[in-house]
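Chemist: Here is the input, now give the coordinates:
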Amino acid sequence: MISRLTRLSGLLLLVAGFAYGQAVQTLWQKSSGSGTLPTYFSASGNTERGFAYGKVGGNDRIYVVSRNAGTFIYIYNALTGDSVGTLKTAGITGGTFAANDIEVTSDGVIYVSNLATTSATSAFKVYRYTAETDSPLVALSYTNATVPGYRLGDNFTVVGSTSDNSAQIWAAAASNDSIFVFTTSDNGATFAFSHAVGLDVNMGAAPALYPGDGGLYINSNGNSLKHYLATGVLAGTVPGGVVATGSNALRYFEIKGRKLVATHSYGTGNQNLRIADVTAGANNAKSYYVTTTLGANANANGTGDVAMRINGDTVDVYVLGTNNGMAAYRLKPAGFVTFALNTATAADTTKPTTVVQVRGSWTGWGDSSPAMTNIGGDYWTLTQLLEQGVNYEFKYFVTGATNGGWETVDNRTFNLSGDVMRPIDYFSRSGAPFTASDSIDVWFRVNMLSQESFNPAADEVHVRGSFQGWNASTPLTREGMTHFYSGQGKVPAAGAIEFKYTYTKGGSVNWESVSNRTVTVNQDTTLYWVWFNDVPYAAPVVSDTVVVTFTANLSRAIAERGFAIGDTVVVRSGYNATAKEVREKRLGRVGISTNYATTDTVVTAIGRTLNYQYYVVKNGRSTSTSASRIRRTRRRNVVAKTLSETRWRLSTRRCRTRRRGACPASAISRGSPSR
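Modeler: Modelled structure (predicted):
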């Protein structure tokens, strides 16, 4: 046995869309999208651009800077989103915007920056609060004589603690390659220029940065999210499919060894929080979490902010979208679980467009459960982010399958301690439908519904191919009372094989007329089901009830000793979906003549061809005697001729169309109906 899981592991995360379970919790939201936008928050003035989390005076706080009708700094309870009050702002002056962004040190000291668009003539200023009741004091006033100067203060970052002089202020220059670093030697009372870090390329508008993973993560409007070493050397770039260039503001953090970067994403349909998993490096980043939008108000400047609160194994992440509001989310230790399903054992015509779901305890078991993605043939996948340490139960659900779409096995269970790729599950089974062998095991599957001459009660279905030398065959077994036949073929070596499906009727082998089917197999697998001869079953569209008189003259059959007085003649009608169902009716002798006749009620469509076939029953055996087509005619008399020339008459009335039923097993004989 050679496992197919190896191939799947290389595909799943590439094709699966991520869905979200209990790993992320919305704490609160104050946004235009939810109808809870604070009254001071401008919906179009771009006046709220910066905010921060901090533990100040023993309290968990969120601070929001607003320039709407003045200069304000609003205080919120970070855990509940409740408004608490405001900071004093008298004395904050200078710059293009006197107050634009805000940060808090790890020991609870608040710093507020202005926006200086030309640092050569207008100082970049940072103000300090040691308590919420304080008035602001200038901690930094920085000018740079370089003409035309730098734009500083769109976003700034404060890290470290004032108590041990580890606090630093980092400010990136918009549309430039320079980052300015300021340090303190008096416990945060004042800061002075320390050094600048030069990058390989210019940043865009509203640049933001945050230290982490041995360097800095940096993003700006119009540029990709990048990871730099502390020296300014590029270490990696997050793919645009994970975080697009329409993003700014960020935070780097870790949860149980998983490295994450949270960023504000702007633009149509965004105005939200987007988190990337950079555990394997920026170049190999993958999407971790994307929140719903804060609102649809335009954010022409693409401004916003991100903050975070680390609390043991959980992290609260906050996002602000200019003109749209803010929200808080709690991230718990989580893992990606990848589900892999094979539907070869689903007794239905599952197609790549069929809705296949994982329904479980974390989805509410309902119709809104996440859908799986078909990655080819019988194989489906879905990756979800779920909280660690929780016992989960689930089942697979296939729309249209028997048992109302649900699996018939007991609830499946699992518990996460990290990322996990589940082994392949088989629908309604605890394992594969085939028995593992030393060969490459291939599960073949064909649907015989469209073959009217096929009798499931007596005929046999096989697969024959190059891997058997064509003369040998592998029998396929009927799946319950369905029209599916399946079975295990053993391929001796990896490579391309050719094959066809056949069915045996009365000792004669009926081959598919299509070209040899080909497939390359390198490991155990199931082959997606096909229609025999690639002819799909077409359900008839019928609504007319017609009374048909069938008449056959058996003189030639009697002369050729194909029929004797006392034998039985039956007629089967409705082949090739020419009626609602394939029906069988026994004919009776007309007087002492060689004519046999019967009348049957058939649901079909007036004006269309109705296919039929006569059979002779001798000593319990059925033999096809001839075949013909019959068409609608206005003649009311049936002219009995040879079997191939028989015509029929009808009387009609309208009735409601019904669905076609299954062909009765006794209605199939060795003959081939007219096509």
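
Chemist: count of neighbours near residue 418?
Modeler: By other CB atoms under 10 Å, 13 other residues sit near residue 418. C-betas here are computed from N, CA, C, even on glycine.

Chemist: So which residues of the stretch 351-500 of the chain form strands?
Modeler: Counting by DSSP state E, counting those that start in this stretch, the segments of the stretch 351-500 of the chain that form strands are 356-360, 373-376, 379-387, 391-398, 412-415, 420-421, 425-426, 440-447, 460-465, 474-478, 484-491, 495-505.

Chemist: Take these and write them to TSV, including distance to residue 134, mean pLDDT and mean neighbour count.
Modeler: Output for the strands of the stretch 351-500 of the chain, formatted as TSV (distance: least, CB to CB, whole Å; pLDDT from 0 to 100; neighbours: other CB atoms under 10 Å):
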stretch	distance to residue 134	mean pLDDT	mean neighbour count
strand 356-360	52	97	23
strand 373-376	55	92	17
strand 379-387	40	95	23
strand 391-398	49	96	20
strand 412-415	49	95	14
strand 420-421	50	94	16
strand 425-426	61	96	23
strand 440-447	74	96	23
strand 460-465	83	97	22
strand 474-478	82	96	16
strand 484-491	77	95	21
strand 495-505	78	96	18
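
Chemist: would a markdown table of the ones you listed with distance to residue 90 be doable?
Modeler: Formatted as a markdown table, those follow (distance: least, CB to CB, whole Å):
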| stretch | distance to residue 90 |
| --- | --- |
| strand 356-360 | 56 |
| strand 373-376 | 58 |
| strand 379-387 | 46 |
| strand 391-398 | 55 |
| strand 412-415 | 56 |
| strand 420-421 | 56 |
| strand 425-426 | 66 |
| strand 440-447 | 78 |
| strand 460-465 | 86 |
| strand 474-478 | 86 |
| strand 484-491 | 80 |
| strand 495-505 | 81 |
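
Chemist: and residue 466, how many neighbours?
Modeler: Around residue 466 there are 14 residues (other CB under 10 Å).

Chemist: That one and residue 441, how far apart?
Modeler: 17 Å (CB to CB, to the nearest Å).

Chemist: swap in residue 320?
Modeler: 56 Å.

Chemist: likewise residue 361?
Modeler: Taken as CB to CB, the span from residue 361 to residue 441 is 33 Å.

Chemist: Can you list the buried residues in stretch 516-535?
Modeler: Buried positions in stretch 516-535, judged by neighbour count with 16 or more other CB atoms under 10 Å: 517, 519, 521, 524-533, 535.

Chemist: Out of the strands of the stretch 351-500 of the chain, which is closest to residue 213?
Modeler: Residue 213 sits nearest to strand 379-387 of all the strands of the stretch 351-500 of the chain, at 20.7 Å, using CB to CB.

Chemist: so what does the closest one touch, helix or strand wise?
Modeler: Applying 3 or more CB pairs under 8 Å, 6 or more residues apart in numbering; DSSP states H and E, we find strand 379-387 packed against helix 12-15, strand 18-20, strand 334-342, strand 356-360, strand 373-376.

Chemist: Low-confidence ranges, the stretch 201-350 of the chain, go.
Modeler: 349 (pLDDT under 70).

Chemist: So which residues of it form strands?
Modeler: 205-212, 215-221, 226-229, 234-237, 247-255, 258-265, 272-277, 286-290, 304-311, 314-321, 325-331, 334-342.

Chemist: Is it possible to get a markdown table of these that adds distance to residue 36 and mean neighbour count?
Modeler: Below are those laid out as a markdown table (distance: least, CB to CB, whole Å; neighbours: other CB atoms under 10 Å):
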| stretch | distance to residue 36 | mean neighbour count |
| --- | --- | --- |
| strand 205-212 | 26 | 22 |
| strand 215-221 | 27 | 24 |
| strand 226-229 | 35 | 20 |
| strand 234-237 | 36 | 16 |
| strand 247-255 | 22 | 24 |
| strand 258-265 | 19 | 24 |
| strand 272-277 | 16 | 24 |
| strand 286-290 | 21 | 20 |
| strand 304-311 | 17 | 22 |
| strand 314-321 | 14 | 24 |
| strand 325-331 | 7 | 23 |
| strand 334-342 | 27 | 22 |
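
Chemist: any chance of the ones you listed in a markdown table, with distance to residue 100 too?
Modeler: Formatted as a markdown table, the strands of the stretch 201-350 of the chain follow (distance: least, CB to CB, whole Å):
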| stretch | distance to residue 100 |
| --- | --- |
| strand 205-212 | 10 |
| strand 215-221 | 15 |
| strand 226-229 | 23 |
| strand 234-237 | 28 |
| strand 247-255 | 12 |
| strand 258-265 | 15 |
| strand 272-277 | 21 |
| strand 286-290 | 27 |
| strand 304-311 | 10 |
| strand 314-321 | 12 |
| strand 325-331 | 16 |
| strand 334-342 | 34 |
